[in-house]
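[1] any chance you could fold what I've pasted below:
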Amino acid sequence: MRSLFAMTFVIALASTGCGAAFKGSKAEVHFVSIPPGSDVRIDGQYAGETPTTARVSRNGSQSVTVSKEGFKDEHTTIKRSPDAAWWFWDIGSCVIPIALCIPLLVDALSGAWMTVDEDIRVKLDPLPRESRPATRPATSTSGETPL
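    Model (predicted):
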């Protein structure tokens, strides 16, 4: 009975990455902008209007564009950094038997051992007056421009 339990435990542990099991391959990122109500696009796909939260992949680089009419577009990337604790755990578990190297591979391929910057704040700069759409002054019925 003990050997069956031990074997089941080893198979379960080897079948998934540690980081993938606990953190997953996606992270929630909160986007805030000045001015609010700006459009957020992640790799060209509409993600919402600020303030908003979107689920992004922990793996690979993703570009973000925040835009609003009358303002310059702001471009940034979602910052990622290695999560040393998960790297240590995966590599440490791989040293014992070779079968436990599967979590290392799963976490590396899914990006689960990466930490994602969960707050992105952007301030959009207004376009210069000459770049804004022209507005016509209101006119009165007598043809004079009102004060």
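[2] find the nearest non-adjacent residue to residue 73, please.
    Distances taken as CB to CB, 6 or more residues apart in numbering place residue 67 nearest to residue 73, at 4.4 Å, with adjacent residues excluded. (C-beta placed from N, C-alpha, C; glycine too.)
[3] sheet-wise, list the partners of the longest strand seen in the chain with their directions.
    Determined from DSSP state E, the single longest strand within the chain is strand 26-34. Using DSSP bridges, the strands paired with strand 26-34 are strand 52-57 (antiparallel), strand 119-123 (parallel).
[4] comparing those strands, which comes out most buried?
    Sort the strands paired with strand 26-34 by mean neighbour count, taking mean count of other CB atoms under 10 Å, and strand 52-57 sits at the top with a mean of 16.
[5] circling back: check contacts around the residue nearest to residue 73.
    38, 39, 41, 73, 74, 124 (CB atoms under 8 Å, 6 or more residues apart in numbering).
[6] how does it look with 10 Å?
    When contacts are counted by CB atoms under 10 Å, 6 or more residues apart in numbering, residue 67 touches 33, 38, 39, 40, 41, 73, 74, 75, 122, 124.
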